[in-house]
Every structure is written in structure tokens, then in C-alpha cells.
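In: What follows is a protein structure lacking sequence information:
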């Protein structure tokens, strides 16, 4: 693991992170490091890191800084969009140099918790409760990426520079337990009317503990569904935990609408350049041609006659031809295979054979759309899947209610009112080069007819129903929810991800990240033990972790 010699230097608002030179002796005093930092300032740093807009904590899994925020590497690897310009980016699953940077943020969490108590706070306090969620969030993602990871020794004080790895089963047990404790702690804090949480540094919920408690339980539903291949594991007891949450909403409140989402809202202003939506009017002229849509996502929509494609994408104008008065037709939308060579993709994109990212929605302003990290739409689909798998009562009828709710909420996210049938799409016509030149095109869409399609109506056959649910969750997770679409593909095979030379790894989609190269030198014995314990023949991208066996 990386040897971090100092904690953090809090800049204005607690949002800047500066790491000290790793060659400086730990015994030296850093004159720039405060002896104590208010927990609310550390909270701001931690929550901003979770957004993926800063390098530490971005869950990049690579040495390149690719993160999980909108239009970043995670969403190329989710096969939502592609990069066709190799000088800046490509579509290779470059995970041979994964990193453990999230441990830097987890160290900040420990500092935040200690500061809260040292300043007179109770043992159970809002910073501690949020800290439990942040731990669960990062450990869930790191174990999902790598497999076995350092856990119990990773955050001890004094610092252990060669921590042992814990089994993936143990890590998941820890995650579930942390979420249970967080739920109990939030319930206690809410009951006591605790109001100590900084509303300004809580960039997600402005100090609303009831929303934090809903998040904890909604995220736990995600974790349980991620364990579907281990539903029979006696230690984790997945079906019973799922049923307990659904059966006791008073004790385990869940999201009730998209207003409850854990969502990073881009809000530029002043020096907050980190909070500018990644695609906006200022960079339209320089980057708009570098990114086109991925075939996996576009085909998922057009194969279902799904109008969401008219909002997220522009048509492939070469396919439209002379039918420029009516381009909002499914046959005119096409994406590139993620496995295609960048050279071929670049030529085809320049010849308008592929759809580009929706110019109107994603380049019109600096705030864009919220980047949902954990959301209500996903929760609906996760509950539907758990019921279909028999983890809670209700059968197909109950599952369908949640499934259909997830779909309609996704349509609402894109401004598509399912009670109406006439809508307007906005595309940039061929030959136009300014975002101000987008033009309106009307189209009709009947949600009832859409849902009546056999490919959409929830099947009474469990295996088919699971695939339908996961496909709809994939469409609804477009450019949000971090790596969840990749995790779900890896778990279920839905949708079909496309391989080929463009993805690297001999044309095969990887199923894990390799451990950081530094582990082979700094923590070699424990690294080798972790590989042996998992039955890996090498630390490569194609070894199957416990979660997938």
C-alpha cells in the first residue's frame, strides 16, 4: 500500500488535498499540517472525494486518474460512450496498474471521527455514522474491483505499512455490518434531534440525517444484490437480510423518490472549477467530436424502441440521409463497438456513421445533470431483482411494481412524462458547429405500448425476468452509478459487453483489476498470500474472484 507520510492539508472550504513528499521522514514536523482539524472540514474533503471529481478517492483503479464521475473512464468501461481520439483517450480496460488511493480517503475518515470525539462529541455522532457509510462504500468498491484486500490492518494507528489481506467474504461481512451499525446510529441521532452536522460541508444532504439513514439501507440493498451468486453463503445470509429490510421499513427506511438520491450536483462558481460539468459550452468546440456513443448502450435502447435514446444521443446523420425532417427514428441511431480499433472508430465517427453524445442535454450549460452515485431508480430495480430471486414475498406482481417504477422514474429523469405521447428531441443538424444551432424535432412515444412489448413486460420466468431488470437498470444508469453497470454485467452477463482489439487484454473484457504494482515490492509477502488464497495463477485481469465463483 502507498506510504502516506502525512494526512491532509485543508485548503479553503476543506476541499483541497495536498499530500506530503513520501521521502520525508515521519519524524519530521510538517509546518503546514494543522495539529487539529475541525471534523466538518474533513467531512467536506471526504464527501467531495466520493464524487470522483478529485484524484484520491475517485475509484479510478488505474494509475491514470480515470474516475467514476460523468463521462469519465468508468462509463467508457460501462460501454456507454467511446473515445475515438487516441491522443487523449482510448477504450482499453487499462487495469494492470490498479491503485489503492481510496485508503487515503479512509485515513481522512479516521481523522474526522477522532476529531469529532476529541472535541467533546459523543461516541455516536453524525461524523462517525457517515464515516461508517463511507467505509462501506469504499470497501465494497475496492473488493469488487480487486478481490481480497487489506481490511482490519489497513487503517490502524500506528500505521501498518504491510497490512495483511482479508478474504472477500470477510470484507463483504464487514461492509454489511458497518451499514447495520450506521443505520442504528442514524436512528439514535435522529431520535435525539442531533443537529451538530455541518450543513455547509455536507454537499449531498445539507445535514439531513433522515436522508443519510435512507441512503445507508438503500446502499445495503445494492450490496446484497451484488452478492446474488453467494445467496447460499451462511456467513452473509443474503436472502434473510434482504427480507428483513423490506419487511421493516420503520427500522430500515429506504429512498422514497429521486429527491433522496446520493447525487453530486455540479455547481460552478468562483474558483469551483472542479464542480463544472465535464462537457459544457466552453469545451464543445474542442472535444465534441472525440466522443461517440457505444453500441452496447445504443442497441440496448433501440432494441426496445426506447425513446430515452432520443434524449441522450444525436442521430448518426449518415444513416439519416435526406430524411432530415424526421431524424428521431430508432433506425438512425448507432454506436461503435467498444472493441473496435480507435483508428476505425475515428474514421466512422467523422463520416457520421455513429451517434454522438446528445449535444443539447450535455453541452448546453455548466451544471449538466446530477451525477447519481446511489439512486432511487437503481433501488427499484434491485428490490425487483431480489423479489424475483425469492428473497422476499410478493412474487411477480410485487417485483413488477418495483420494476415498472424504476423504468418510469428513469423516463422522468430525462423529462419524459409517461402519461403523454408527444415529445420534442433536440439534435445538432449536419453542417452546424455551434451548440446554439440545435434544432427541435417532434416524436411520438406511447409508454403503454412500450411496456406491452414482450421484451419489456416482466416475465414470469425468473431467469428471464432478472435479465430484463438488469437491462433496464443498465439503461437507467447511463453515465451514473459508478461501476455498477460493469459489476452487473460481470455478475449476470447482461447486457452483452463487446470485446475486441480496442479493449486491450487480448480482446477480452477483464473481470478484475490487478493489484497496485507497489504491493509487489512494499507488501510482497501479503500480496503473494492473497493470490494463493484466492487460487489465482497470476495477478492478472482474468482471474475469477470469490464473488464470481
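Out: All right, it came through fine. Computed from a prediction, not measured in an experiment: that's the story for all the values here. Numbering: from 1, shown residues only.
In: Just the buried residues of stretch 79-88, please?
Out: 79, 80, 81, 82, 83, 84, 85 (16 or more other C-beta atoms under 10 Å). In short, each C-beta sits where N, CA and C put it, glycine included.
In: tally of neighbours for residue 411?
Out: 20 (other C-beta atoms under 10 Å).
In: those strands in this structure, which residues are they?
Out: With strands called from DSSP state E, the chain shows them at 81-83, 149-150, 165-166, 262-264, 291-293, 371-374, 422-427, 439-444.
In: quick revisit: identify, from the buried residues of stretch 79-88, the entry nearest to residue 521.
Out: residue 83 (32.0 Å; C-beta to C-beta).
In: Model confidence at that closest one, what's the number?
Out: pLDDT, residue 83: 96.
In: partners of it in the sheet?
Out: Under DSSP bridges, the beta-bridge partners of residue 83 are residue 291.
In: need the contact list for it.
Out: The neighbours of residue 83, taking C-beta atoms under 8 Å, 6 or more residues apart in numbering as the test, are 76, 89, 90, 91, 290, 291, 342.
In: can you pull the contacts of the third one?
Out: Residue 90 sits next to 83, 342, 502 when contact means C-beta under 8 Å, 6+ apart.
In: Looking at these, spot the one nearest residue 215.
Out: Distances from residue 215 to these, taken by C-beta to C-beta, are shortest for residue 83, at 32.1 Å.
In: just to revisit the earlier point, columns distance to residue 515 on top of the strands of the chain, output as TSV?
Out: Below are the strands of the chain laid out as TSV (distance: least, C-beta to C-beta, whole Å):
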stretch	distance to residue 515
strand 81-83	26
strand 149-150	9
strand 165-166	9
strand 262-264	28
strand 291-293	30
strand 371-374	25
strand 422-427	45
strand 439-444	49
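In: picking that back up, adding distance to residue 377, write the contacts of residue 90 out as a markdown table.
Out: Converted to a markdown table, the contacts of residue 90 look like this (distance: C-beta to C-beta, whole Å):
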| residue | distance to residue 377 |
| --- | --- |
| 83 | 26 |
| 342 | 32 |
| 502 | 30 |
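In: show me where pLDDT drops low in the stretch 1-150 of the chain?
Out: 1-35, 61, 63-65 (pLDDT under 70).
In: Tell me which stretches of it form helices.
Out: 39-50, 73-77, 102-118, 126-146 (DSSP state H, counting those that start in this stretch).
In: Out of these, which is closest to residue 446?
Out: helix 73-77 (29.8 Å).
In: Show me what that closest one is in contact with.
Out: With C-beta under 8 Å, 6+ apart, helix 73-77 has contacts from 52, 59-60, 62, 64, 66-68, 81-83, 89, 91, 93, 294, 338, 479, 482-483, 486.
In: Filter those residues down to the buried ones and hand me the ChimeraX line.
Out: In ChimeraX, a selection of the buried entries from the contacts of helix 73-77 looks like this (16+ other C-beta under 10 Å):
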select :52,59,60,62,66,67,68,81,82,83,89,91,93,294,338,479,482,483,486
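In: the longest helix in the chain is where?
Out: Looking across the chain with DSSP state H, the single longest helix is helix 168-191.
In: what's the spacing between that helix and its chain's center?
Out: 20 Å (C-alpha atoms, centre = their mean, to the nearest Å).
In: and that helix, which residues are buried?
Out: Neighbour-count burial for helix 168-191 [16+ other C-beta under 10 Å]: 168-176, 178-187, 189.
In: what is the mean pLDDT for that helix?
Out: On average, helix 168-191 scores 98.
In: want to try TSV for the buried residues of stretch 79-88, with distance to residue 205 as columns?
Out: Shown next, in TSV, are the buried residues of stretch 79-88 (distance: C-beta to C-beta, whole Å):
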residue	distance to residue 205
79	31
80	27
81	29
82	34
83	34
84	38
85	38
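In: ok, of those residues, which one's closest to residue 222?
Out: residue 80 (18.9 Å).
In: With residue 220 as the reference, measure out to the nearest residue to the closest one once chain neighbours are set aside.
Out: Counting by C-beta to C-beta, 6 or more residues apart in numbering, residue 80 lies nearest to residue 297, which is 4.7 Å off, once chain neighbours are set aside. Taking C-beta to C-beta, to the nearest Å as the measure, residue 297 falls 28 Å from residue 220.
In: Could you check which of these two has the larger neighbour count?
Out: Taking other C-beta under 10 Å, residue 297 and residue 220 do not tie; residue 297 has more neighbours (29 against 25).
In: Mind pulling the model confidence for the more buried one?
Out: 98.
In: Relative to residue 485, how far out is it?
Out: 9 Å.
In: shared neighbours of the two, which are they?
Out: Common neighbours of residue 297 and residue 485 (C-beta under 8 Å, 6+ apart) are 79, 80, 474.
In: out of those residues, who's nearest residue 544?
Out: Among these, and counting by C-beta to C-beta, the member closest to residue 544 is residue 79, at 20.6 Å.
In: Run through the stretch 201-350 of the chain and note the low-pLDDT ranges.
Out: 269-274.
In: Now the residue nearest in space to the middle of the chain. Nearest residue, chain neighbours left out?
Out: Taking C-alpha atoms, centre = their mean, the centroid of the chain lies closest to residue 482, which sits 1.3 Å from it. Distances taken as C-beta to C-beta, 6+ apart put residue 68 closest to residue 482, at 4.2 Å, once the chain neighbours are dropped.
In: Spell out which residues sit in contact with the one you found, please.
Out: 52, 58, 59, 60, 74, 373, 482, 483.
In: same deal with residue 462?
Out: Counted by C-beta under 8 Å, 6+ apart, residue 462 has contacts 388, 389, 390.
In: separation between it and residue 304?
Out: Counting by C-beta to C-beta, the gap from residue 462 to residue 304 is 20 Å.
In: Likewise for residue 348?
Out: 24 Å.
In: Likewise for residue 291?
Out: On the measure of C-beta to C-beta, residue 291 and residue 304 end up 24 Å apart.
In: do the same with residue 523
Out: 47 Å.
In: can I get the contacts of residue 83 in JSON lines with distance to residue 37?
Out: Formatted as JSON lines, these follow (distance: C-beta to C-beta, whole Å):
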{"residue": "76", "distance to residue 37": "36"}
{"residue": "89", "distance to residue 37": "36"}
{"residue": "90", "distance to residue 37": "40"}
{"residue": "91", "distance to residue 37": "40"}
{"residue": "290", "distance to residue 37": "40"}
{"residue": "291", "distance to residue 37": "39"}
{"residue": "342", "distance to residue 37": "45"}
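In: Closest to residue 329 out of those?
Out: Nearest to residue 329 among those, with distances taken as C-beta to C-beta, is residue 291, at 22.7 Å.
In: If anything else comes up later, I'll come back, but that's it for now.
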